[in-house]
Structures are given as structure tokens and as C-alpha cells.
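Asks: Kindly return the folded structure for what I paste below:
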Amino acid sequence: MLPKYLYVILMSNKEKLNEDVVTRHVSHLKSMEDAGKLVLCGPCIDYSGGILIITAESIEEAHTIANMDPFIKDGYKTYEIRTMEWAHKENNYLI
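Replies: All right, here's what the predicted structure looks like:
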């Protein structure tokens, strides 16, 4: 069964990235994927930042996950979170 909600983490660039923090960020993404938390991620083309879409039990857990990311933890990016109700085939696209 798919989760009812997804959490969209919108990251905004604050400091210039370097190879070390990018490598640590990728390790974080891999661990989130291994834990079944990562749904989708990537940098934005038309915005100075990126997006992570994750599963979490609550908005509090989503904030905890975001704050563990080296981009956030080390001050390279700021973030905000949006809660998204997931429309998909199993829930008839919310109809």
C-alpha cells in the first residue's frame, strides 16, 4: 500500500557547493533510498536549488530527515516542506 502523504522538501541555495558536501549529500540520498524514504530528487533547472520528495510518518519526521542532509546541516541550503496528498491509481487519483 502506498502512503497517503508525501513530503516535498524545497531546498534553496545559500552557499556555493563543493565536492565534499555533494559527496556526503549523495551518501545521504542513498541511505534514504535504502530505508525506503526517498521517492524522487533532483536539482531544479529554473530555480536555484533542488527538490526531494520523501515518505515520512509525520511532518516532524520529514523535518528530521531534511535536517540530516549535509546540504542543510552544514548551512549550504535552506529548505521548506510542503505536504502533498499522493494521487495515484490505487486511490483512483483521489476521486
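Asks: Every contact and neighbour count from this point should use C-alpha atoms.
Replies: Will do.
Asks: which secondary structure elements does the top helix by length along the chain contact?
Replies: For the chain, the helix that runs over the most residues, judged by DSSP state H, is helix 19-34. Secondary-structure packing of helix 19-34 (3 or more CA pairs under 8 Å, 6 or more residues apart in numbering; DSSP states H and E): strand 38-43, helix 70-73.
Asks: Let me know the average pLDDT across that helix.
Replies: When pLDDT is averaged along helix 19-34, the result is 98.
Asks: And that helix, what's buried?
Replies: 25, 28, 29, 32 (16 or more other CA atoms under 10 Å).
Asks: Please apply the same query to stretch 80-95.
Replies: Buried residues in stretch 80-95, defined by neighbour count with 16+ other CA under 10 Å: residue 81.
Asks: before we move on, the earlier item: now the buried residues of helix 19-34 in CSV, with distance to residue 41?
Replies: Shown next, in CSV, are the buried residues of helix 19-34 (distance: CA to CA, whole Å):
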residue, distance to residue 41
25, 12
28, 12
29, 9
32, 11
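Asks: strand partners of the one helix or strand residue 50 maps to, parallel vs antiparallel please.
Replies: Element membership of residue 50, judged by DSSP states H and E, is strand 49-54. Strand 49-54 pairs in its sheet with strand 5-13 (antiparallel), strand 38-43 (antiparallel), by DSSP bridges.
Asks: buried stuff in the shortest one?
Replies: Right, the one you point to is strand 38-43. Under 16+ other CA under 10 Å, the buried positions of strand 38-43 are residue 38.
Asks: relative orientation of it and helix 19-34 in degrees?
Replies: Here the directions of strand 38-43 and helix 19-34 differ by 160 degrees (axes from the mean of the first three to the mean of the last three CA atoms, to 10 degrees).
Asks: chain center to strand 38-43: distance?
Replies: 6 Å (CA atoms, centre = their mean, to the nearest Å).
Asks: any idea of the mean pLDDT for that strand?
Replies: 97.
Asks: Name the residues that touch that strand?
Replies: Residues from elsewhere that reach strand 38-43 (CA atoms under 8 Å, 6 or more residues apart in numbering): 29, 32, 33, 49, 50, 51, 52, 53, 54, 55.
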